[in-house]
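A.B. asks: Sharing a model prediction with you, sequence too.
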Amino acid sequence: MTAALLIEQLLNGVQFGLMLFLMAAGLTLVFGVMGLINLAHGSLYMVGAFACAAVANFTGSFWIGLGASLAAAAAAGAIIEIVVIRRLYNRDHLDQVLATFALILIFSEGTRWVFGSFPLFLDVPELLSGPVSLPFGVQYSIYRLAIIVIGCLVALGLYLLITKTRLGIRIRAGESDRAMIAALGIDIRTLYTIVFALGAGLAGLAGALVGAIQSVQVGMGEPVLILAFVVIVIGGIGSIKGSLFGSLLVGLVDTMGRFLLPSFFKLFMDPSQATSVGSALASMLIYILMALVLVVKPKGLFSANA
Amino acid sequence: MGKMNFVKAGLMGLSLCVAGTAMAEPVKVGMITTLSGGGSGLGVDVRDGFMLAVKQAGNKDLSVVIEDDARKPSLAVQIADKMIQSEKVDILTGIIWSNLAMAVVPSAVAQGKIYISPNAGPSKLAGKGCHPNYFNASFQNDNLPEAMGAYASENGFKNSFIIAPNYPAGKDVLNGYKRFYKGKLSAEVYTKLGQKDYAAEIAQIRASGADSVFIFLPGGMGIAFMKQYAQSGVDIPVLGPAFSFDQGILQAVGASALGVKNTSHWNKDLDFAANKKFVASFQAEYGRLPSLYAVQGFDTASLILSAMAKADVKDTEAFRAELKKIDIASPRGPLKFGNNQHLIQTIYVREVIKEGDIYTNKTNGVAIKDHQDAYAVDCKM
């Protein structure tokens, strides 16, 4: 194994982790502030990807598409918050799960109705296509590098938003005591809509960014949603810091596991058996990680209410 | 009172029997296929191909019920039970994925239903697990990769990196490739079914020093892989069975797939009259080019239609004998069933090209003529 391969895999892990962070940040904010379990978060990711693909194909510019993905997902988020989600805050978690699960079905079938069952085309913009040479002989996709940069910028932006702005103060206040900030005369309904739209916009951005290197198709959000839930459980529900840390951990463990486990088993097994045992174990690895974290810290690594 | 009811029931039963023999025999087909979620493009094409043949035949005695399995084995099993027990279908078909086929087919054929596969061809059902009620109108999973293995060896590739998802068809496909490929393997990698990010695998390919990459990643997995591969700057040639380079997904892959060699049992430019008619009528009906899945759906329906014209579906043995004759004009040209009721067919090498604005395939030549699967010898039929 060369150093170049190891560095490339580390970069892959970080890139995957930051992508998950964009999803997990919105999910954990919504849960932390509103106490809502939103299964439809993956649908907002899909909305972002479809909006980006449709607008990019129409205008010929990926960048306009990227802007459209943010806008479309945030708008979709605001609309479902006002129409559906708002009625669920005081309900049981089971009701929330049922209602947001229904939203998944509505979004999936609605998207199929508009765009059809076949995947849409969305390509990486000219500016970011192809590989770039990094030190130590590493060749890496510029686009993936750009995803890492965007992920870092979003993390920094969220940190500044939460710690330095008035909106951030309200969000933190909402996390620690919802009833009290409403009593202090803050318009909690608008705050909830803004937080929900913010989370939705980030999910849409993630969908558009990933859509360009994966595939834009109906049902693309649910596998990512599961991973995002794993991330926020590991990181501590409600904590942005926890979701950043959790995403990087999940991204690195998953990537390195897929890469290292089969070669590890080859040390003492025949190759084909090692491959199947290794890959089977690699796909379980993040769930094993989650179980371990829950044993040691039942509320996650950075629980917001700890 | 009890006696009276008993007599009534008997009379009713008798009259039903009489009615049954008086009418022409209708055939009810249950189609379980993937119409939602990842991979739905494949199920939609099978369904559309199937329904095109049904529409062209205009046979009023054939009725079709279609249900979506969402690529979930447990759901497919439930639907099959419902179709067999309450819908009373005569024939089942439609399943795309081998893991779903393994969950449904063995029990359906054991209950006396005929199953005709329009796609999945797991090795277990072709060898020792073959069954007189199971027909495969598509391919055995190993067929296309076997042809690609033969092509790779003939064209001087000596060090292949091979990759497939970890499910029955993935293993069949890699075994198929290895059966006909004579060079050495740089690595053999299994990924999660439905995986969308291949950065870790592509990094390994880059470091491997292989001279060819053989991939079996059907549906959205292939789109994701090819786009990421093009972005990575790795330029080792990609080879594969047609599933990752077929009509339904090529437009989404775009230029990243240009020039890729793939093996298929059908292409839209094959020079058969039935093929030209099929491609034109599919395009006229649905406004898009057909894929190999559409052809398989079309042939499955044609098989059923040809058999029901000559035999009563209730007489399973006679119906099966008619199915076995393959008295149809397939877009694939002449077809024949082997002893295990899987097709003996010619496999071609294709290349991805751009025609106007559309990405599609052209046929480069024959990879293996009249190819039969390797499991037929294990089938005692």
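C.D. replies: Thanks, I have the structure now.
A.B. asks: Check the gap between the one residue in the stretch 51-200 of chain A that gets nearest to chain B and A:Val138 for me.
C.D. replies: Per C-beta to the nearest C-beta, A:Pro131 is where the stretch 51-200 of chain A lies closest to chain B, at 3.0 Å. C-beta here means a position set from N, CA and C on the backbone, and glycine is covered the same way. Taking C-beta to C-beta, to the nearest Å as the measure, A:Pro131 falls 9 Å from A:Val138.
A.B. asks: pLDDT weak spots in the stretch 201-306 of chain A?
C.D. replies: Along the stretch 201-306 of chain A, segments meeting pLDDT under 70 span A:304-306.
A.B. asks: Spatially nearest residue to A:Ala68 (excluding sequence neighbours)?
C.D. replies: A:Val55 (3.9 Å; C-beta to C-beta, 6 or more residues apart in numbering or on different chains).
A.B. asks: Now for the nearest residue to the residue of the stretch 51-200 of chain A closest to chain B once chain neighbours are set aside, how many residues are close by?
C.D. replies: Excluding the flanking residues, the one nearest A:Pro131 by C-beta to C-beta, 6+ apart is B:Gly233, at 3.0 Å. Neighbourhood size, B:Gly233 [other C-beta atoms under 10 Å in any protein chain shown]: 17.
A.B. asks: who touches B:Gly233 in this structure?
C.D. replies: By C-beta atoms under 8 Å, 6 or more residues apart in numbering or on different chains, the contact set of B:Gly233 is A:130-131, A:139, A:141.
A.B. asks: quick one: which of those is nearest A:Ser263?
C.D. replies: A:Gln139 (21.0 Å; C-beta to C-beta).
A.B. asks: Report the secondary structure state of the closest one.
C.D. replies: Each residue gets one of three states, and A:Gln139 gets strand by DSSP: H, G, I helix; E, B strand; the rest coil.
A.B. asks: what's the distance between it and B:Ala70?
C.D. replies: 39 Å.
A.B. asks: can you pull out the helices in chain A?
C.D. replies: Taking DSSP state H, the helices of chain A run over residues A:3-34, A:41-59, A:62-83, A:93-115, A:142-164, A:166-176, A:178-183, A:188-211, A:221-235, A:240-266, A:271-296.
A.B. asks: pLDDT weak spots in chain B?
C.D. replies: B:1-24, B:38.
A.B. asks: Would you mind giving the helices of chain A as CSV with mean neighbour count added?
C.D. replies: Output for these, formatted as CSV (neighbours: other C-beta atoms under 10 Å in any protein chain shown):
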stretch, mean neighbour count
helix A:3-34, 24
helix A:41-59, 26
helix A:62-83, 21
helix A:93-115, 15
helix A:142-164, 16
helix A:166-176, 16
helix A:178-183, 13
helix A:188-211, 25
helix A:221-235, 23
helix A:240-266, 22
helix A:271-296, 16
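A.B. asks: Let's have the ones you listed in a markdown table, adding distance to A:Phe302.
C.D. replies: As requested, the helices of chain A are arranged in a markdown table below (distance: least, C-beta to C-beta, whole Å):
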| stretch | distance to A:Phe302 |
| --- | --- |
| helix A:3-34 | 10 |
| helix A:41-59 | 20 |
| helix A:62-83 | 25 |
| helix A:93-115 | 22 |
| helix A:142-164 | 13 |
| helix A:166-176 | 13 |
| helix A:178-183 | 20 |
| helix A:188-211 | 18 |
| helix A:221-235 | 6 |
| helix A:240-266 | 3 |
| helix A:271-296 | 11 |
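A.B. asks: Determine which of those helices approaches B:Gln78 most closely.
C.D. replies: Closest among those, once you apply C-beta to C-beta, is helix A:93-115, at 17.7 Å.
A.B. asks: interface residues of the stretch 51-200 of chain B facing chain A?
C.D. replies: B:166, B:188-192, B:194, B:196-197, B:199-200 (C-beta under 8 Å from any C-beta of the partner chain).
A.B. asks: Show me these that map onto strands.
C.D. replies: B:188-191 (DSSP state E).
A.B. asks: Which residue ranges make up the domains of chain B?
C.D. replies: B:25-139+B:271-337, B:143-264+B:347-377 (automatic domain parsing).
A.B. asks: And the ones you listed: which comes nearest A:Gly201?
C.D. replies: domain B:143-264+B:347-377 (21.7 Å).
A.B. asks: Okay, the closest residue to chain A within the stretch 201-350 of chain B and A:Pro223: tell me how far apart.
C.D. replies: Relative to chain A, the nearest point of the stretch 201-350 of chain B is B:Gly233 (3.0 Å; C-beta to the nearest C-beta). According to C-beta to C-beta, B:Gly233 and A:Pro223 sit 27 Å apart.
A.B. asks: what's next to stretch A:253-271, contact-wise?
C.D. replies: Outside stretch A:253-271, the residues within contact range by C-beta under 8 Å, 6+ apart are A:1, A:9-10, A:12-13, A:16, A:273-275, A:277-279, A:281-283, A:285-286, A:289, B:188-189, B:191, B:199-201, B:203-204.
A.B. asks: Can you select the buried ones from the contacts of B:Gly233 in PyMOL?
C.D. replies: In PyMOL, the members of these classed as buried (16 or more other C-beta atoms under 10 Å in any protein chain shown) are selected with the following command:
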select buried, chain A and resi 131+139+141
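A.B. asks: sorry, back to before: in contact with the residue nearest to A:Ala68, which residues?
C.D. replies: For A:Val55, counting by C-beta under 8 Å, 6+ apart, the contacting residues are A:64-65, A:68-69.
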